[in-house]
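Participant: sharing a model that was predicted from the sequence below.
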Amino acid sequence: MPPIGFSTGALFKDALSDGVTAALQMHLEVIELSALRFRELASLVEFVHAADLTAFHYVSLHAPTDYTAEQEPAVASALLTLANQFHWPVVVHPDCIVNQEVWKPFGQWLCIENMDKRKKAGRTLEELQSVFGAFPDARLCFDIAHARQVDSSMTEAYRILRELSNRICQIHMSEVTSSSKHDRISESAVAAFREVADQLPLNAPVILETPVTPEQALGEIAQAARIFAPAAPTFVAVVPA
């Protein structure tokens with residue numbers, strides 16, 4: 001089973017340090033440091049340089065998704081400095097990339113996330129292949145819930161995994177509602193995710209984006225772990241004639 005951790009934004013939406021503290025208290029080995037809003041980026045950079053994150057075996061950064069075209073070079077520059085210094089993947093939404101040139105220096109540290117149905121890029125295998133054509137060394141953050149929302153039959157998820165699983169460096173996991181909001185993992189999501197679980201690389205960390213309190217976090221990890229466990233056999237009672 002892959003290691004399972006949290007995005008700091010799922011545990012504490014606006015408090016990066018509190019999310020890291022909660023993860024350390026749970027003895028998690030993997031974490032994503034989230035700065036989904038441009039206003040959070042400076043605090044993330046400051047935090048990374050001051051914090052001791054050596055307890056984590058895997059750390060990734062999630063780039064902001066609300067920056068303007070004028071702000072894009074500064075966003076990329078700040079994150080590239082961290083990626084080069086710490087060798088951490090940087091998760092980027094493909095629809096947020098306007099100036100490809102500022103992201104090309106990331107090479108393997110650029111981690112493209114597949115998108116939900118609201119977006120106009122990165123939703124399907126073909127759209128992702130187009131992105132990777134521009135960034136041949138980039139890797140994939142496979143959001144299994146986004147893939148399910150785009151195609152509830154999990155066929156698109158299977159297609160993406162069949163062709164791009166060698167690019168995966170981490171997996172995002174949650175429930176995604178019809179309004180594209182993250183939610184806790186339901187029983188129906190467990191069943192759907194199990195359909196493609198055997199295609200997921202077991203060395204790729206799972207990052208939960210489910211909105212939970214720290215008290216609920218270990219239960220959510222257990223729910224995610226069920227996706228990778230063999231399904232319980234179904235027993236049919238045989239009634240003597």
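Facilitator: Right, received. Where do you want to start?
Participant: can you give me the strands in the protein?
Facilitator: For the chain, the strands defined by DSSP state E occupy 4-7, 30-34, 58-62, 90-92, 110-113, 139-143, 168-173, 175-176, 182-183, 206-208.
Participant: which elements pack onto the second one?
Facilitator: Helices and strands in packing contact with strand 30-34 are listed as strand 4-7, helix 8-11, helix 16-25, helix 41-50, strand 58-62, strand 206-208; criterion 3 or more Cβ pairs under 8 Å, 6 or more residues apart in numbering; DSSP states H and E. The way it works is simple: take the backbone N, C-alpha and C, and place the C-beta from them, glycine included.
Participant: quick revisit: among the strands of the chain, which is nearest residue 14?
Facilitator: Set against residue 14 and scored by Cβ to Cβ, these come closest in strand 30-34, at 10.1 Å.
Participant: centroid-nearest residue for this structure?
Facilitator: Nearest residue to the geometric centre of the chain (Cα atoms, centre = their mean): residue 172, 2.9 Å.
Participant: could you find the closest non-adjacent residue to that one?
Facilitator: With Cβ to Cβ, 6 or more residues apart in numbering as the criterion, residue 172 has its nearest non-adjacent residue at 3.9 Å, and that residue is residue 143.
Participant: my read: that neighbour touches residue 114, true?
Facilitator: Yes - Residue 143 is within contact range of residue 114, at 5.4 Å (criterion: Cβ atoms under 8 Å).
Participant: so how many other residues sit close to residue 84?
Facilitator: Look at residue 84: counted by other Cβ atoms under 10 Å, it has 13 neighbours.
Participant: burial measure for the closest residue to it other than its chain neighbours, as a count.
Facilitator: Excluding its sequence neighbours, the residue lying closest to residue 84 (Cβ to Cβ, 6+ apart) is residue 109, at 7.5 Å. Residues lying near residue 109 (other Cβ under 10 Å) number 22.
Participant: how about residue 109, what does it touch?
Facilitator: Going by Cβ atoms under 8 Å, 6 or more residues apart in numbering, residue 109 touches 80, 83, 84, 87, 88, 89, 90.
Participant: list of residues touching the biggest helix by length in the chain?
Facilitator: Longest helix in the chain, counting residues (DSSP state H): helix 72-86. Identification of contacts with helix 72-86 by Cβ under 8 Å, 6+ apart yields 38, 41-42, 45, 48, 59, 61, 63-64, 67, 88-90, 98-99, 102-103, 105-106, 109.
Participant: can you do 7 Å?
Facilitator: 38, 41, 45, 48, 61, 63-64, 67, 88, 90, 98-99, 102-103, 105-106, 109 (Cβ atoms under 7 Å, 6 or more residues apart in numbering).
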